[in-house]
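Enquirer: Structure of the sequence below:
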Amino acid sequence: MSDALTLPAETRDRAGKGASRALRREGRVPAVIYGGKEEPQPIHLEEKELVRQLNTGHFMNSVVELTLGGKTIRALPKDVAMHPVKDRPLHVDFFRVSADSRIEVAVPVVFINEEAAPGLKKGGVLNIVRHELQLICDASNIPAEIEIDVTGKDVGDSLHISEVTLPEGTSSAITDRDFTIATLVAPSALKRSEGEQAGGDADAADTTASEQGSNA
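Expert: Purely as a prediction, here's the structure:
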C-alpha cells in the first residue's frame, strides 16, 4: 500500500494569471482541490516541498493529506502542469477522496523471478508494453506497485492482465480486453523490428524526395 503523503497548503485568495505568477515568484505553486460534491478550493503550496514529493516517484498514486487552516483534506493528485523548459511545477489539480472512495490510479509494475524465465536465460529480452496499470481500488488501500511473475516464460510468450494477481479489492480499469503488459522477445527479433521500422522511414523519405523532384 502507498503511504499517505502530507503537504502543507494555504488558501489562495486571488485567482488569475497575474496572481499565479506572483505566487511562483515567491516560491509557491498554485493548486486547486475539487470533487467530493464541494466547491473547488484554490490553494497554494511550497514549491521545494512539492518537488521533493514529486521526486519520490509515487506522488501521483498516493493519497495526499493537505493540511489547510487547521484541518486535513485527503486528496489524490490528478494532474501536475510542468514548465516546458525549466521543468518546474506550475499548477497542481487535486481530487478530494474519503476513506471509502473507489478511485482510479496508475500503479507501476515490477517484474519478479526473472532468473526463473527460460527465455531470459537464453538471452531473450523483456519488452515492456505497459510500465503502469490503470486500477480501480479503495482510496485507503492504493497498491505501491504490482508484482508480475515471469517464472516459466519463454521467448515468444506474452504477459496479459488476466495472468496478474491483483490485491484484494483492486481491479483493472480496462475491462473490455485482455491487454498485453509485456512480451519476451529474442534480441535478433527486436533488432529486426527496429531495422524494418528504420527502413520503412528511409523508404518513405526516398519516395517523398522522388515526388518532390518530379514536381520540380
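
Enquirer: What are the buried residues along whatever helix or strand residue 23 lives in?
Expert: Element membership of residue 23 [criterion: DSSP states H and E] is helix 17-25. For helix 17-25, the neighbour count (16 or more other Cβ atoms under 10 Å) marks 20, 23-24 as buried. Using the backbone N, CA and C atoms, a C-beta is placed for each residue, glycine as well.

Enquirer: Break down this protein into its helices, ranges please.
Expert: Using DSSP state H, the helices of the chain run over 17-25, 47-54, 118-121, 187-215.

Enquirer: Where does the prediction get shaky in this structure?
Expert: Along the chain, segments meeting pLDDT under 70 span 1-4, 188-216.

Enquirer: if we go to 80?
Expert: By pLDDT under 80, the low-scoring segments of the chain are 1-4, 14-16, 36, 99-100, 140, 188-216.

Enquirer: So which residue is dead centre in it?
Expert: Taking Cα atoms, centre = their mean, the centroid of the chain lies closest to residue 106, which sits 5.2 Å from it.

Enquirer: Which residues does that residue form beta bridges with?
Expert: residue 134 (DSSP bridges).

Enquirer: Residue 97 and residue 110, how far apart?
Expert: Note on residue 97: its distance to residue 110, by Cβ to Cβ, to the nearest Å, is 25 Å.

Enquirer: neighbour count winner among these two?
Expert: Set residue 97 next to residue 110 and count neighbours by other Cβ atoms under 10 Å: residue 97 wins out with 21 against 10.

Enquirer: so how many other residues sit close to the closest residue to that one other than its chain neighbours?
Expert: Closest residue in space to residue 97, ignoring its immediate chain neighbours: residue 139 at 4.1 Å, by Cβ to Cβ, 6 or more residues apart in numbering. Residues lying near residue 139 (other Cβ under 10 Å) number 20.

Enquirer: Likewise for residue 58?
Expert: Residue 58, neighbours per other Cβ under 10 Å, totals 16.

Enquirer: Do I have it right that it meets residue 142?
Expert: No - the criterion here is Cβ atoms under 8 Å, and residue 58 misses it with residue 142 at 9.1 Å.

Enquirer: What residue spans form the domains of this structure?
Expert: Residue ranges for the domains of the chain, per automatic domain parsing: 5-97, 104-193.

Enquirer: In contact with residue 63: list those residues for me.
Expert: Taking Cβ atoms under 8 Å, 6 or more residues apart in numbering, we find residue 63 in contact with 2, 4-5, 74-76, 97, 139-140, 142.
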